[in-house]
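K.L.:
Just the structure for this:
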Amino acid sequence: MPSTGYTGYEFLNAKGANDYMRKHNPLVIYDSVNTVPERLAKIKNFTLFEEDLAAKALPQWFFMTPNMSMYFVLSDPPSFIG
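P.N.:
Down below sits the predicted model:
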């Protein structure tokens, strides 16, 4: 997800690969979330995780999904995939 509260349908990275698809962020599909700015502000991308962790501000529940491009798997696969 490119930014906090993002409601777009897709996001292409600098290489043109699709890093984000809205269907993999199920909460923004609901009007009860995507029409309420306070709720959208709680849907964050992973770059803010470390900040929230340090501030002891993690939610009781969170949902995390990987980027769509999976570039790391193609360019430098971890040894356990091998």
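K.L.:
what ranges do the helices span in this protein?
P.N.:
31-34, 37-40, 49-54, 71-75 (DSSP state H).
K.L.:
avg pLDDT for the first one?
P.N.:
Meaning helix 31-34. For helix 31-34, mean pLDDT rounds to 94.
K.L.:
How about residues contacting that helix?
P.N.:
Here helix 31-34 makes contact (Cβ atoms under 8 Å, 6 or more residues apart in numbering) with Thr7, Leu27, Val28, Arg39, Leu40, Ile43. Where C-beta positions appear, they are placed from N, C-alpha and C, glycine not excepted.
K.L.:
Kindly recompute the last result at 6 Å.
P.N.:
Helix 31-34 has contacts (Cβ atoms under 6 Å, 6 or more residues apart in numbering) with Thr7, Leu27, Val28, Arg39.
K.L.:
Emit the PyMOL select command for whichever of these are buried.
P.N.:
Buried subset of the contacts of helix 31-34, written as a PyMOL selection, criterion 16 or more other Cβ atoms under 10 Å:
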select buried, resi 28
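K.L.:
before we move on, back to that, how about the helices of the chain in TSV, adding distance to Arg22?
P.N.:
Converted to TSV, those look like this (distance: least, Cβ to Cβ, whole Å):
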stretch	distance to Arg22
helix 31-34	10
helix 37-40	13
helix 49-54	20
helix 71-75	20
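K.L.:
Compare those and say which comes out lowest on pLDDT.
P.N.:
Note on the helices of the chain: helix 71-75 shows the lowest mean pLDDT, a mean of 51.
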